[in-house]
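A.B. asks: Got a sequence here, can you build the structure:
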Amino acid sequence: MRNWWLFVPCTLCVGFSQALPLYLFLNQRQFTLRGI
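C.D. replies: Numbering: from 1, shown residues only. Next comes the predicted model:
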């Protein structure tokens, strides 16, 4: 697997793009629970 240096950033980018909406959603729920 010679193109691992291309594969790793792609995996990180996809994982980040999937984790970011979830992170924002959880933060939004915490804020609404606090009544802000």
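
A.B. asks: Next, N3: phi, psi?
C.D. replies: The phi/psi pair for N3 (degrees, to the nearest 10) reads phi -100, psi 30.

A.B. asks: What's the local residue count around it?
C.D. replies: The tally of other residues near N3 (other C-beta atoms under 10 Å) stands at 8. In short, each C-beta sits where N, CA and C put it, glycine included.

A.B. asks: Please, which helix or strand holds V14?
C.D. replies: helix 4-34 (DSSP states H and E).

A.B. asks: Give me the helices and strands touching that helix, please.
C.D. replies: If contacts are counted by 3 or more C-beta pairs under 8 Å, 6 or more residues apart in numbering; DSSP states H and E, helix 4-34 sits against no helix or strand.

A.B. asks: Show me how far that helix is from its chain's centre.
C.D. replies: 1 Å (C-alpha atoms, centre = their mean, to the nearest Å).

A.B. asks: Nearest to the middle of the chain, which residue? Look it up for me.
C.D. replies: Taking C-alpha atoms, centre = their mean, the centroid of the chain lies closest to A19, which sits 2.0 Å from it.

A.B. asks: how near is that one to F31?
C.D. replies: 19 Å (C-beta to C-beta, to the nearest Å).

A.B. asks: same deal with C10?
C.D. replies: C10 is 32 Å from F31, by C-beta to C-beta.

A.B. asks: still on that earlier bit, what is the mean pLDDT for the helix holding V14?
C.D. replies: Mean per-residue pLDDT for helix 4-34: 85.
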